[in-house]
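In: Here's my sequence, what's the structure:
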Amino acid sequence: MVLQSMPVRITSPVVWLEAPEWLTPEEAAYLSGYDLETIHWMIQDGAVDTRQDGEVWLIEKESLLEFREALSDVLRWYRG
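Out: Numbering: from 1, shown residues only. Below you'll find the model as predicted:
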């Protein structure tokens, strides 16, 4: 299996700081640069911390950032 980097939108630290602590999947996709399908996979797989608000799943901003950082570390290690 070959690990490929996922296209990630560059979002400024200010945008991250101003974002709410709990994000809708659409907000998480915008902030992270991942597509909505990837965000839904992350929710289903437990890759990020979530809570349900009615019928909407919310993603903890901090866990989304930790996921991105961990993925970057893995890709850096894999590429040497």
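In: residues in contact with the spatially most central residue of the chain?
Out: Of all residues in the chain, the one closest to the mean position by CA atoms, centre = their mean is residue 64, 3.9 Å from it. Each residue near residue 64 by CB atoms under 8 Å, 6 or more residues apart in numbering is listed here: 23, 28, 31-32, 42, 48. From N, CA and C alone the C-beta is placed, and that goes for glycine too.
In: Go again with 6 Å.
Out: Residues near residue 64 by CB atoms under 6 Å, 6 or more residues apart in numbering: 28, 32, 48.
In: quick one: which helix or strand includes the first one?
Out: By that I understand residue 28. Assessed by DSSP states H and E, residue 28 sits inside helix 25-32.
In: For residue 59, which three-state class applies?
Out: strand (DSSP: H, G, I helix; E, B strand; the rest coil).
In: That one touches residue 23, doesn't it?
Out: Yes - with contact taken as CB atoms under 6 Å, residue 59 and residue 23 are classed as touching, separated by 4.9 Å.
In: what about those two, which has more around it?
Out: Using other CB atoms under 10 Å as the criterion, residue 59 and residue 23 rank with residue 59 on top: 26 against 23.
In: what bridges to the more buried one?
Out: residue 23, residue 50 (DSSP bridges).
In: Which positions within stretch 68-80 qualify as buried?
Out: The neighbour-count check on stretch 68-80 (16 or more other CB atoms under 10 Å) flags 68, 71 as buried.
In: again but with stretch 24-31, I slipped
Out: 25, 27-31.
In: ok so, going back, quick one: the residue nearest to the centre of the chain from residue 80, how far?
Out: Applying CB to CB, to the nearest Å, the value for residue 64 to residue 80 is 27 Å.
In: now residue 47
Out: In this view, residue 47 and residue 80 are 25 Å apart by CB to CB.
In: Could you do residue 21 as well?
Out: Residue 21 is 36 Å from residue 80, by CB to CB.
In: One more: residue 59?
Out: From residue 59 across to residue 80, the span is 31 Å (CB to CB).
In: what does residue 38 give?
Out: Per CB to CB, residue 38 is found 25 Å from residue 80.
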